[in-house]
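A.B. asks: Here you go, sequence then predicted model.
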Number of protein chains: 2
Amino acid sequence: MESEQAILALAALAQSTRLEVFRLLVKHEPDGLAAGDIARELAVPQNTLSSHLSILSRAGLVSAQRFGRSIIYRAELGRLQSVVLFMLRDCCDGRPEICAPLIEGLAPCCQPKSKSKRRVHV
Amino acid sequence: MESEQAILALAALAQSTRLEVFRLLVKHEPDGLAAGDIARELAVPQNTLSSHLSILSRAGLVSAQRFGRSIIYRAELGRLQSVVLFMLRDCCDGRPEICAPLIEGLAPCCQPKSKSKRRVHV
DNA sequence: AGTATATTTCTATAATTCCAGATATATGGA
DNA sequence: TCCATATATCTGGAATTATAGAAATATACT
């Protein structure tokens, strides 16, 4: 990822409505949500939301697919991953001990059910 | 982490100079770098840089400690972690399969030396 | 074709952010 | 105390962004 794309993504997320939209879409993965449903859920005028969606889309953080009259939006988690990797680039090279704790600290987000035992995936 | 803090951090990173500063400090972990050295390295006027540093600092993304006349800045990776966790919150609850690949995909950033074999840490 | 629904694009105003010059503060040394 | 160094704050003008009203586009149904 290039710096310019990272900034585009970070700027897209650095606005309350758009951050809410993204989190809402993350919550609705992998089904996605129609633009109108998002507007209703977040109580934002549809044209305002539309321009926010377009910014998120340009940043690659969401994707859109038309179904009939509705357009379904989905969060692009891979893009988020790329942004984080960009920020950590050159940090780890040769010194994994610096950012390893960071990555490990993210893991719990995916294992809410198991309390402390770490489960090795098979 | 609250939404307001996340936006503060994202907005802080969504600007080219500040993103460069943060990445530079990540690269210089855990030693940190003096404000003047950062300004020199990135060829930014010191007063401009100072205000950028203050924004990063207010966002919790860097910390500062004075040593004599210099002020040493360090990246706060824990803050970055909190921001990412905030964005993924409510996603995983009950459905780890959604964001697990995301987290796993970040791991390689910390293991540049080993090619494909995954090394279990002891 | 005509009407209703879903979403986007155009537009203008208000608010915010970026930048660097000038100035101020803090530390260390003669 | 006086001077040099390191960094921060104040200031104002230029550029960017946020917001929502109005109009346009796309689809579906009758």
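C.D. replies: That came in fine, so what should we check first?
A.B. asks: what about the strands in chain A?
C.D. replies: Secondary structure of chain A (DSSP state E): strands at A:33-34, A:62-67, A:70-75.
A.B. asks: Please tell me how far the last one is from the chain's geometric centre.
C.D. replies: Read that as strand A:70-75. The chain centre lies 14 Å from the centre of strand A:70-75; the measure is C-alpha atoms, centre = their mean, to the nearest Å.
A.B. asks: Give me the packing partners of that strand, helices and strands only.
C.D. replies: Helices and strands touching strand A:70-75, by 3 or more C-beta pairs under 8 Å, 6 or more residues apart in numbering or on different chains; DSSP states H and E, are helix A:16-27, strand A:33-34, helix A:35-42, strand A:62-67. Any C-beta I mention is one placed from the backbone N, CA and C, and that applies to glycine too.
A.B. asks: In CSV, list these along with distance to residue B:83.
C.D. replies: Shown next, in CSV, are the helices and strands packed on strand A:70-75 (distance: least, C-beta to C-beta, whole Å):
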stretch, distance to residue B:83
helix A:16-27, 10
strand A:33-34, 23
helix A:35-42, 20
strand A:62-67, 18
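A.B. asks: where's residue A:90 relative to DNA strand D, distance?
C.D. replies: Distance, residue A:90 to DNA strand D, by C-beta to the nearest atom of the strand, to the nearest Å: 22 Å.
A.B. asks: I meant residue A:24, not that one.
C.D. replies: 15 Å.
A.B. asks: Return the residues in contact with the closest residue in space to residue A:98 that isn't next to it in sequence.
C.D. replies: Leaving aside its chain neighbours, residue A:98 sits nearest to residue B:29 (5.0 Å; criterion: C-beta to C-beta, 6 or more residues apart in numbering or on different chains). The contact partners of residue B:29, taken as C-beta atoms under 8 Å, 6 or more residues apart in numbering or on different chains, are A:91, A:98, B:74, B:75, B:77.
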